[in-house]
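**Student:** Predicted structure and sequence below. I'll ask about it afterward.
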Number of protein chains: 2
Amino acid sequence: MGGDYAPDATIEGAVLAHKNLPSSDRIFLFGPEKIIIEKINEYGAKPADFSIIHAPDVIGMGERPIKAYTQKPESSISMGLKYLKHKDIDSFASAGNSGATMVGAMYSVNNIQGVIRPCTLSIVPKENGGRNVMLDIGTNPDVKPDVLYQFAILGSIYSKFVLNVKDPKVGLLNIGEEEEKGNLLCQSAFRLMKGSNNFNFYGNIEGRDLFRDKADVIVCDGFTGNIVLKQIEAMYRLMVKRNLVDDFFDKFNYENYGGSPILGVNSSVVIGHGISNAKAIKNMIFLSKEIHEAKLTKKIKRAMNKYIQSN
Amino acid sequence: MGGDYAPDATIEGAVLAHKNLPSSDRIFLFGPEKIIIEKINEYGAKPADFSIIHAPDVIGMGERPIKAYTQKPESSISMGLKYLKHKDIDSFASAGNSGATMVGAMYSVNNIQGVIRPCTLSIVPKENGGRNVMLDIGTNPDVKPDVLYQFAILGSIYSKFVLNVKDPKVGLLNIGEEEEKGNLLCQSAFRLMKGSNNFNFYGNIEGRDLFRDKADVIVCDGFTGNIVLKQIEAMYRLMVKRNLVDDFFDKFNYENYGGSPILGVNSSVVIGHGISNAKAIKNMIFLSKEIHEAKLTKKIKRAMNKYIQSN
């Protein structure tokens, strides 16, 4: 029931994903059983090809995350994360209330040891065809320098093991290139990051460098990251409206990314865009599978152990 | 000598501006006299049509603002601002070291009484043809809520008297629509702004609303504003490179705006883009004249008096 176009977009997306998955993979659908079966039939698939877990409660898009998650144990988000916790499923994805999914992930599968603040990540396409990852994109509007330092670790692991970037460079999103530039947060973070042996620190990057090949990992607080990301979406939407999109700019289409992974919790959890259509849902499912198969959690655990020992 | 393409772009731009100004307006050029005269001739104008003030020192783009401004009293920025202070000229504009111009403006013509932090402003085009103003765009990377509140006053006055927007609406750039959303700074600023009788507060706006017609004045800290602005420029440049610019997106071309006014000092001062070409310089000169003629300083003084009395 997650997302603005549920249950149609979710079920249609799941049916699309099913068609493209090997038979060894199985999609679990959490939600009101009757609606799920009806919609699977409507979209031309067989209910028996899915595991359907009845979750009668629905968390609305506007509900307060903690309250909704704790008071609706039979919602699809709560039920799905319970299955994830008990390892009945390997990854979980939802285009529903993103705050509830984030809170739920921290309550159920918990933070990886040492991670102060889990965060969410997005892809930012590079002009040369490569891909930047940017984090945090909204979960943590106020952070301390050591949290930005951890984002650099988390983003580097993601870039390396999910996007296969060799020795990813970390750029600190700032308003000048030199060490002493920027706000107090970035000035302190720069001093912490300089000479780090937990990741490959490039230095400061600016708003104009977002699509260049300077860094592979763009680190920022969740306030800045969220505004940057929504602005990219706004400009992309204006371009689509005016028929100005080419192959390169089509990489800015969120549908192709499937959503934002939560980094720093003990499993693969992906938050889909509220406006997800079937294509986006399909890609969200694939993304959660990809993160599981890249053994991201294990890799982050190892990196965090190294970080804890070096502190 | 200001800007990456000086003295050619500056003189060519001044010559262009001269051709389009009424004879009652006079352009003063500050810089090495010999070079100025040579270049005016080169661009097909008469040196006698300009007031040429010899300023032999040059402040480099990379120099530290306070040091450069105070130690180079014979630079074009220092000399120009001295003329402005003594009212020998009505407005001053430079595409040179922006930090030095900002510091110089505060040292010479001073802050308007009550203004905690002068700031810089930029135009953000709206999809419907209107114009947003966004402030601060880089001068103040760390601000307190009362400074954001003052930005709302300054931006409203600019929108009203320079852009002729009737009763401009102020939007606080944030990562959610509701009052309790965002970082601590925005949460506090929202509480201050709500119900203000110094300006017309619309509420929070998000990154996706930047080009919409929700607000007329977009208020943010200088860190966020600078990243947003440079990102707009980066996307615009990518579009130009790929031949994707139409009439609407051409409004994102900084050349058409001429630069960023400094708001909150006792005169009209405009900071041009470092990469200004002749067209941008011409528009920078026109912008500084427009701000002077709108009697912006006087209007801001009046608004600040009202603000001081209401506190």
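**Tutor:** Received it, and whenever you're ready, just let me know what you need.

**Student:** can I assume A:His54 is in contact with A:Pro32?
**Tutor:** Yes: the pair A:His54 / A:Pro32 is scored as a contact, 7.0 Å apart, by CB atoms under 8 Å. Where you see a C-beta, it was placed from the backbone N, CA and C, and this is true even at glycine.

**Student:** Comparing these two, which shows the higher neighbour count?
**Tutor:** A:Pro32 (17 against 14; other CB atoms under 10 Å in any protein chain shown).

**Student:** and the more buried one, what does it touch?
**Tutor:** Residues near A:Pro32 by CB atoms under 8 Å, 6 or more residues apart in numbering or on different chains: A:Met1, A:His54, A:Ala55, A:Pro56, A:Val58.

**Student:** Tell me, how many residues neighbour the last one?
**Tutor:** Number of residues near A:Val58 (other CB under 10 Å) recorded here: 21.

**Student:** Who are the contact partners of the closest residue to it other than its chain neighbours?
**Tutor:** Spatially, and ignoring its direct neighbours in sequence, A:Val58 is nearest to A:Met1 (4.7 Å; CB to CB, 6 or more residues apart in numbering or on different chains). By CB under 8 Å, 6+ apart, the contact list for A:Met1 reads A:Pro7, A:Thr10, A:Gly31, A:Pro32, A:Ile35, A:Ala55, A:Val58, A:Ser75, A:Ser76, A:Gly96.

**Student:** And A:Phe28, by the same measure?
**Tutor:** A:Phe50, A:Ser51, A:Ile52, A:Ile53, A:Gly80, A:Tyr83, A:Asp88, A:Ile89.

**Student:** Quick check: it vs A:Ile36, distance?
**Tutor:** Separation of A:Phe28 from A:Ile36 (CB to CB, to the nearest Å): 11 Å.

**Student:** for A:Lys295, same thing?
**Tutor:** 30 Å.

**Student:** who are the neighbours in contact with the residue lying farthest from the centre of chain A?
**Tutor:** What lies farthest from the middle of chain A is A:Glu180; by CA atoms, centre = their mean that is 31.2 Å. Contact analysis of A:Glu180 by CB under 8 Å, 6+ apart lists A:Gln187.

**Student:** Assumed it was part of a strand.
**Tutor:** No: counting by DSSP: H, G, I helix; E, B strand; the rest coil, A:Glu180 falls outside a strand, being coil.

**Student:** Any residues of the stretch 101-250 of chain A in contact with chain B? List them.
**Tutor:** Contact residues (CB under 8 Å from any CB of the partner chain) of the stretch 101-250 of chain A with chain B: A:127, A:138, A:141-142, A:173, A:175, A:182-184, A:186, A:206-212, A:221-224, A:226-235, A:237-239, A:242, A:244-246, A:248-249.

**Student:** Report the contact partners of A:Phe151.
**Tutor:** Per CB under 8 Å, 6+ apart, neighbours of A:Phe151: A:Cys119, A:Leu135, A:Asp136, A:Val143, A:Val219, A:Cys220.

**Student:** Identify the residues contacting the last one.
**Tutor:** Read it as A:Cys220. Contacts of A:Cys220 by CB under 8 Å, 6+ apart are A:Met134, A:Leu135, A:Asp136, A:Leu148, A:Phe151, A:Leu172, A:Leu173, A:Val228.

**Student:** how about the helices of chain A, start to end?
**Tutor:** Using DSSP state H, the helices of chain A run over A:8-20, A:33-42, A:65-71, A:76-85, A:98-108, A:145-161, A:184-193, A:222-241, A:278-293, A:296-310.

**Student:** Show residues contacting the fifth one.
**Tutor:** It refers to helix A:98-108. Residues contacting helix A:98-108 (CB under 8 Å, 6+ apart): A:59, A:63-66, A:68-70, A:75, A:77-78, A:81-82, A:84-85, A:92, A:94, A:118, A:120, A:139, A:262, A:265, A:267, A:269, A:271, A:274.

**Student:** Of the contacts of A:Met1, just the buried ones, ChimeraX syntax please.
**Tutor:** Paste this into ChimeraX to select the buried members of those, with burial taken from 16 or more other CB atoms under 10 Å in any protein chain shown:
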select /A:7,10,31,32,55,58,75,76,96
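
**Student:** between the contacts of A:Met1, which is closest to A:Tyr307?
**Tutor:** Nearest to A:Tyr307 out of the contacts of A:Met1 is A:Gly96 (CB to CB; 32.3 Å).

**Student:** Now do the contacts for the closest residue in space to that closest one that isn't next to it in sequence.
**Tutor:** Closest residue to A:Gly96 apart from its sequence neighbours, by CB to CB, 6+ apart: A:Gly2 at 2.7 Å. Contacts for A:Gly2 (CB under 8 Å, 6+ apart) come out as A:Thr10, A:Ser76, A:Ile77, A:Ser94, A:Ala95, A:Gly96, A:Asn97, A:Gly272.

**Student:** on that earlier part again, shared neighbours of A:Phe28 and A:Ile36, anything?
**Tutor:** Common neighbours of A:Phe28 and A:Ile36 (CB under 8 Å, 6+ apart) are A:Phe50, A:Ile52.

**Student:** still on that earlier bit, among the contacts of A:Met1, which are in strands?
**Tutor:** Among the contacts of A:Met1, DSSP state E puts A:Gly31 in strands.

**Student:** how about the contacts of A:Met1 in JSON lines, adding distance to A:Val162 and pLDDT?
**Tutor:** As requested, these are exported to JSON lines (distance: CB to CB, whole Å; pLDDT from 0 to 100):
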{"residue": "A:Pro7", "distance to A:Val162": "29", "pLDDT": "95"}
{"residue": "A:Thr10", "distance to A:Val162": "23", "pLDDT": "97"}
{"residue": "A:Gly31", "distance to A:Val162": "28", "pLDDT": "97"}
{"residue": "A:Pro32", "distance to A:Val162": "33", "pLDDT": "97"}
{"residue": "A:Ile35", "distance to A:Val162": "33", "pLDDT": "97"}
{"residue": "A:Ala55", "distance to A:Val162": "28", "pLDDT": "97"}
{"residue": "A:Val58", "distance to A:Val162": "31", "pLDDT": "93"}
{"residue": "A:Ser75", "distance to A:Val162": "28", "pLDDT": "96"}
{"residue": "A:Ser76", "distance to A:Val162": "25", "pLDDT": "95"}
{"residue": "A:Gly96", "distance to A:Val162": "23", "pLDDT": "94"}
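
**Student:** and the gap between A:Lys87 and chain B?
**Tutor:** 34 Å (CB to the nearest CB, to the nearest Å).

**Student:** Report the buried members of the contacts of A:Phe28.
**Tutor:** If you count burial by 16+ other CB under 10 Å, the buried members of the contacts of A:Phe28 come out as A:Phe50, A:Ile52, A:Ile53, A:Gly80, A:Tyr83, A:Ile89.

**Student:** quick one, what contacts the last one?
**Tutor:** Contacts for A:Ile89 were tallied using CB under 8 Å, 6+ apart; they are A:Phe28, A:Gly80, A:Tyr83.
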